[in-house]
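Asks: quick one: sequence plus predicted model below, questions after.
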Amino acid sequence: MYRILLATDGSKSMKRLVEEVLTIAVALKAEVTILNVIEHNDFSYMVNTPYTVEVKNNVNRQLKVEADRIVDEAASPFRDNGLTVRTEIFDGEQSPADVICDYASKGGYNLIAIGSRGLRGVKELFLGSVSNKVAHLACANVLIVR
């Protein structure tokens with residue numbers, strides 16, 4: 001079975017990314033996994049404040065809630081079309097690009113689909129830093145949607 005890993009951070013391009021992957025997945029009757037990688041903020045600047053742990057825990061809870069919303073929203077059109085879809089949230093210290101490539105490699109995915117620019121800001125001229133790194137490191141084909 002053809003397997004697609006759709007990696008999203010919930011940015012504005014997610015709708016276009018989902019539409020493109022849906023077209024491919026329907027045509028190939030592919031299995032789709034929606035992956036969101038939670039990026040944690042650096043709280044080192046708060047090291048001397050009494051609320052560091054509480055603030056960090058609150059932010060991390062909010063990031064998890066948002067990640068759940070993102071993957072559920074992205075998965076809905078695939079479910080509506082009768083496709084097999086899984087949702088995964090990775091919560092760790094690795095960079096998103098490394099997580100995406102590792103996940104695709106271990107899962108035997110045929111295609112990684114990712115948006116060209118996400119929520120990280122413009123660090124590259126034409127591609128976002130995550131999509132650029134995935135394109136260079138991935139062991140599978142990569143579809144970058146603008």
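Replies: Looks like it came in fine.
Asks: could you use CA atoms for every contact and neighbour count after this?
Replies: Fine.
Asks: check contacts around the residue lying closest to residue 95 once chain neighbours are set aside.
Replies: Of all residues not flanking residue 95 in the chain, residue 39 sits nearest, at 7.7 Å (Cα to Cα, 6 or more residues apart in numbering). Listed by Cα atoms under 8 Å, 6 or more residues apart in numbering, the contact partners of residue 39 are 91-93, 95-96.
Asks: show the buried residues in those residues.
Replies: Buried by 16 or more other Cα atoms under 10 Å: 91, 96, out of the contacts of residue 39.
Asks: rebuild the contacts of residue 39 as a markdown table, extending it with pLDDT.
Replies: Below are the contacts of residue 39 laid out as a markdown table (pLDDT from 0 to 100):
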| residue | pLDDT |
| --- | --- |
| 91 | 92 |
| 92 | 82 |
| 93 | 83 |
| 95 | 90 |
| 96 | 93 |
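Asks: in helices only, show me the contacts of residue 39.
Replies: residue 96 (DSSP state H).
Asks: so which of the contacts of residue 39 comes closest to residue 29?
Replies: Distances from residue 29 to these, taken as Cα to Cα, are shortest for residue 96 (27.2 Å).
Asks: quick revisit: can you pull the phi/psi pair for the residue nearest to residue 95?
Replies: phi -100, psi 130 (degrees, to the nearest 10).
Asks: how close does it sit to residue 133?
Replies: 16 Å (Cα to Cα, to the nearest Å).
Asks: same deal with residue 14?
Replies: Distance, residue 14 to residue 133, using Cα to Cα: 18 Å.
Asks: ok, these two, which is more surrounded?
Replies: The residue with more neighbours, out of residue 14 and residue 133, is residue 14; 24 against 16, by other Cα atoms under 10 Å.
Asks: this completes my enquiry, with thanks.
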